[in-house]
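S.K.: Predicted model and sequence follow; I will ask about them next.
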Amino acid sequence: QVQLHESGGGLVQAGDSLRLSCAASGGTMSTYGMGWFRQAPGKERQFVASIKDTNGYTDYVDSVKGRFTISRDNAKNTVYLQMNSLKPEDTAIYHCAAQWNRQLNGRYATNYDSWGPGTQVTVSS
């Protein structure tokens, strides 16, 4: 299985931007569907965005549409999450995930096979 490691989190103010990166090792990321999820304290893990490996199809939770952009660079084995116009409610630990069977729905955490440890994003008001 591919191993994942996130970076790029931090403490920012509302309205600022961050770009998260997720580097894959031990496998070829190009063959996986990739996703970003987040978990805030006391809340369940929430789907944020996903991108398929074949046609580059992307999907987003409604609350981030127009603000977040998921992309991938298969040559670098890296997937990104560009986050603009950040809000305090975006505060969470952000995890990337890899999905071997990319025919499955990318919105469900149970459809992913590998997870990174996460990176903290804190947005102050």
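M.R.: Thanks, I have it.
S.K.: contacts, neighbours, all on C-alpha from now
M.R.: Fine.
S.K.: where does residue 30 land in three-state SS?
M.R.: Assigned with DSSP: H, G, I helix; E, B strand; the rest coil, residue 30 falls in the helix class.
S.K.: ok, residue 83 touching residue 68?
M.R.: Yes: counting by Cα atoms under 8 Å, residue 83 touches residue 68, with 4.5 Å between them.
S.K.: so who does residue 19 touch?
M.R.: 8-9, 80-83 (Cα atoms under 8 Å, 6 or more residues apart in numbering).
S.K.: now, which of those residues sits nearest residue 113?
M.R.: residue 80 (18.4 Å; Cα to Cα).
S.K.: Bridge partners for the closest one, pull those for me.
M.R.: Beta-bridge pairing of residue 80 under DSSP bridges involves residue 21, residue 71.
S.K.: distance of it from residue 7?
M.R.: As judged by Cα to Cα, to the nearest Å, residue 80 and residue 7 stand 10 Å apart.
S.K.: Next, show the common contact partners of these two.
M.R.: Joint contacts of residue 80 and residue 7 (Cα under 8 Å, 6+ apart) are 20-22.
S.K.: Reformat these into a markdown table and put neighbour count and distance to residue 109 next to each item.
M.R.: Listed next are those as a markdown table, based on neighbours: other Cα atoms under 10 Å; distance: Cα to Cα, whole Å:
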| residue | neighbour count | distance to residue 109 |
| --- | --- | --- |
| 20 | 21 | 19 |
| 21 | 21 | 19 |
| 22 | 25 | 17 |
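S.K.: Got phi/psi on residue 111?
M.R.: phi -90, psi 10 (degrees, to the nearest 10).
S.K.: list the contacts for it?
M.R.: By Cα under 8 Å, 6+ apart, residue 111 lies in contact with 99, 101, 104-105.
S.K.: who's more crowded, residue 80 and residue 7?
M.R.: residue 80 (22 against 18; other Cα atoms under 10 Å).
S.K.: Could you check the pLDDT of the more buried one?
M.R.: pLDDT recorded at residue 80 is 97.
S.K.: Which residues lie in contact with it in this structure?
M.R.: 19-22, 69-72.
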